[in-house]
Structure formats: structure tokens, C-alpha cells
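Visitor: my questions are about this predicted structure, shown below with the sequence.
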Amino acid sequence: MEIPPRSPDGSEKTRQSRELVSSHTGSTLCTSSRSESVWTGTPRSKWEIYHKPVIVVSVGTAVFLFGTVITSLTCVFTDNAKVYRMCGPAFLSLGLMLVVCGLVWIPIIRKKQKQRQKSQFLQSLKSFFFNR
């Protein structure tokens, strides 16, 4: 008679229950993957596609303008000029970095959309020819 192996926590599990658990987690991983949206084919609006980079560019612009205001305060208020000279350029650089990241993100999304359309087209061609 075969003795079932023990798990590290000391509880006994049969081979069949372990296979069920591993197959269950495998199927949930596949269904929750990001690549699933490639095959669903539901059309998305432009806002759904580009909302994240638009938000990043907007926040970056606001932070950049805030840095500009703080930097310009060194000319008006001379009592705290040292603080303004330290904080102003930090906000300027942070805002500029966010603006550039958002603007670079937009062409990347466009390229991915084109690749998705190509892969959906090739998938439909494959299913047309092989499912006959």
C-alpha cells in the first residue's frame, strides 16, 4: 500500500487533490492575464485607451507650472528665497519628467494597438483556413 506524501505544513493531501488545485490555479492565471483583452475584440473608446498618459501629462503640466510659480517667487519674496530656490527646480524637473513620460507613452500605445489589430487579423485568417 502506498503512503501519500505529506505537505510541508504536515497535512496530508492526495495526488488527485493536488492535481485539482494546480489545474485550478493554472486556469485562473490564464483567465486573469492581461493578454486576454487581445482576443476578446470588444472595441474601446479613445478615452479608455489614452486616459492614463493624458492624466500623466496633465499632472506633469500642473507640477511644472507650480515649479515655475515657486521659482518666480524668489524674485518677489526675498525673505524665503533659499527655500524657493531649492523647491522650485525640483518641481520643475519632476513636472518635466512626467510630461515627457506621458508624451512618450502615447506612441507606444499606438504601436501596441497596431500590433493588436495585426494579431487579431492573423488569428481570424488562421481560424478561417484551419477550421474548414
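Guide: Happy to help now that I have it. Numbering: from 1, shown residues only.
Visitor: packing partners of the longest helix belonging to the chain?
Guide: Secondary structure of the chain per DSSP state H: the longest helix is helix 81-130. If you count contacts as 3 or more CB pairs under 8 Å, 6 or more residues apart in numbering; DSSP states H and E, helix 81-130 packs onto helix 36-40, helix 46-76. (Each C-beta comes from the backbone N, C-alpha and C, glycine too.)
Visitor: and these as TSV, adding mean neighbour count?
Guide: Shown next, in TSV, are the helices and strands packed on helix 81-130 (neighbours: other CB atoms under 10 Å):
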stretch	mean neighbour count
helix 36-40	10
helix 46-76	15
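Visitor: need the ones you listed in CSV with mean pLDDT, can you?
Guide: Conversion of those to CSV gives the following (pLDDT from 0 to 100):
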stretch, mean pLDDT
helix 36-40, 50
helix 46-76, 92
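Visitor: could I get those as a markdown table with distance to Gln117?
Guide: As requested, those are exported to a markdown table (distance: least, CB to CB, whole Å):
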| stretch | distance to Gln117 |
| --- | --- |
| helix 36-40 | 10 |
| helix 46-76 | 12 |
